[in-house]
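Undergrad: below is the sequence, then the predicted model.
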Amino acid sequence: MVASCHVKDALSAVTMLFFGLVVLVNIGIRADSSQRDLTRLRAELNAVTYADHMKADIVRRIDITNLAKPLDIEKMKNTIKDICP
């Protein structure tokens, strides 16, 4: 009877240890999943930010190009020659 009681105690302890390990593994898996989701979200945010910067750069260059179009290069050369003979 005494040996039977020790076996039950040992099985109970092993069972509790097993359940504890299962809980810890599940917590670890959820934490890893949350970290992956956070990393994916940061990557998407970085991509959107990069795209916004690219769009702004393109718009700025178009504005500079449109500003430079009306300039008369020959007139500028003549003006420079007049100023610095």
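TA: Received it, and whenever you're ready, just let me know what you need.
Undergrad: mind checking how far the lengthiest helix in the chain is from the chain centre?
TA: If you go by DSSP state H, the chain has its longest helix at helix 2-68. The chain centroid and the centroid of helix 2-68 are separated by 12 Å under C-alpha atoms, centre = their mean, to the nearest Å.
Undergrad: now that helix: mean pLDDT?
TA: The average of the pLDDT scores along helix 2-68 is 82.
Undergrad: after that helix, heading C-terminal, what element do we hit next?
TA: helix 73-83 (DSSP states H and E).
Undergrad: roughly how far is that following helix from the heart of the chain?
TA: Mean-position distance between helix 73-83 and its chain equals 51 Å (C-alpha atoms, centre = their mean).
Undergrad: quick one: list the elements packing against that helix.
TA: If contacts are counted by 3 or more C-beta pairs under 8 Å, 6 or more residues apart in numbering; DSSP states H and E, helix 73-83 sits against no helix or strand. Yep, even glycine has a C-beta here, placed from its N, CA and C like the rest.
Undergrad: what comes into contact with that helix?
TA: By C-beta atoms under 8 Å, 6 or more residues apart in numbering, no residue outside helix 73-83 reaches it.
Undergrad: and that helix, what's its mean pLDDT?
TA: Rounded mean pLDDT across helix 73-83 is 74.
Undergrad: for it, C-alpha coordinates in PDB please.
TA: Taking Å, rounded to 0.1, in the frame of the first residue of the first chain, the C-alpha atoms of helix 73-83 are listed here in PDB:
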ATOM      1  CA  ILE A  73      20.500  78.600 -72.100                       C
ATOM      2  CA  GLU A  74      21.800  80.800 -74.900                       C
ATOM      3  CA  LYS A  75      20.600  83.900 -73.200                       C
ATOM      4  CA  MET A  76      22.300  82.700 -70.000                       C
ATOM      5  CA  LYS A  77      25.500  82.100 -71.800                       C
ATOM      6  CA  ASN A  78      25.400  85.600 -73.400                       C
ATOM      7  CA  THR A  79      24.700  87.200 -70.000                       C
ATOM      8  CA  ILE A  80      27.600  85.400 -68.400                       C
ATOM      9  CA  LYS A  81      29.900  86.500 -71.300                       C
ATOM     10  CA  ASP A  82      28.700  90.100 -70.800                       C
ATOM     11  CA  ILE A  83      29.400  89.900 -67.100                       C
END
